[in-house]
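Asker: Turn this into a model:
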Amino acid sequence: MEKNKVRVTIAGITYSLLTDETAEYTTELAAEVDAKLAEMQGANPFMSTNQAAVLLAIEFADKAKKAEQTAEGYREQIKDYLKDASEAQTERDFYKRELDRVRTEAKAKANQINLFSQDAPEN
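Answerer: Here you go, the predicted structure:
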C-alpha cells in the first residue's frame, strides 16, 4: 500500500505524517485530537499541552481497549452462534434421514397390506 504524506496541525504545532490512511481521514483525526486538547485546556487553563496530551492518550487508550473487548465478546458470541447453528443443522439432517426412513418403511408396509388385500378371498 502506498504511504500518504499528510501535514496536520495539533495544538499549534504542524506535523508531517507518513500514513497508510487517506489524507482526509488523517486530517479528520488530527482535528479531533486538536479539538479535544483545546477542550481539556479550556476546562483547566493551568493544564499544559503535555499534560492534556497524556490525559487524552489515556482516554483514547481506554476507548480502544473497551472497543477491543467488545469486539472480542462479539467474536465469542458469533462462534457460539455458529456452533449452535452447526448442531441444529446436524440435528435437522438426522431427522430428515429418520423421516425418509419412516416414510420408506410406511410405504413398504402399505405395499404389504395391499398384497395381502389382493390375495385374500372375497366373501
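Asker: C-alpha from now on. contacts and neighbour counts both.
Answerer: Fine.
Asker: Which residue ranges make up each domain of this protein?
Answerer: By the record's domain assignment, the chain is partitioned as 1-47, 64-123 (automatic domain parsing).
Asker: can I get those in TSV with mean neighbour count?
Answerer: Output for those, formatted as TSV (neighbours: other Cα atoms under 10 Å):
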stretch	mean neighbour count
domain 1-47	14
domain 64-123	11
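Asker: Let me have the ones you listed in TSV, extended by mean pLDDT.
Answerer: Listed next are the domains of the chain as TSV, based on pLDDT from 0 to 100:
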stretch	mean pLDDT
domain 1-47	95
domain 64-123	91
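Asker: possible to save those as a markdown table with distance to residue 53?
Answerer: Shown next, in a markdown table, are the domains of the chain (distance: least, Cα to Cα, whole Å):
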| stretch | distance to residue 53 |
| --- | --- |
| domain 1-47 | 7 |
| domain 64-123 | 16 |
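Asker: what's the closest of the ones you listed to residue 54?
Answerer: domain 1-47 (9.9 Å; Cα to Cα).
Asker: from the chain's centre, how far out does the closest one sit?
Answerer: Domain 1-47 sits 29 Å away from the centroid of its parent chain (Cα atoms, centre = their mean, to the nearest Å).
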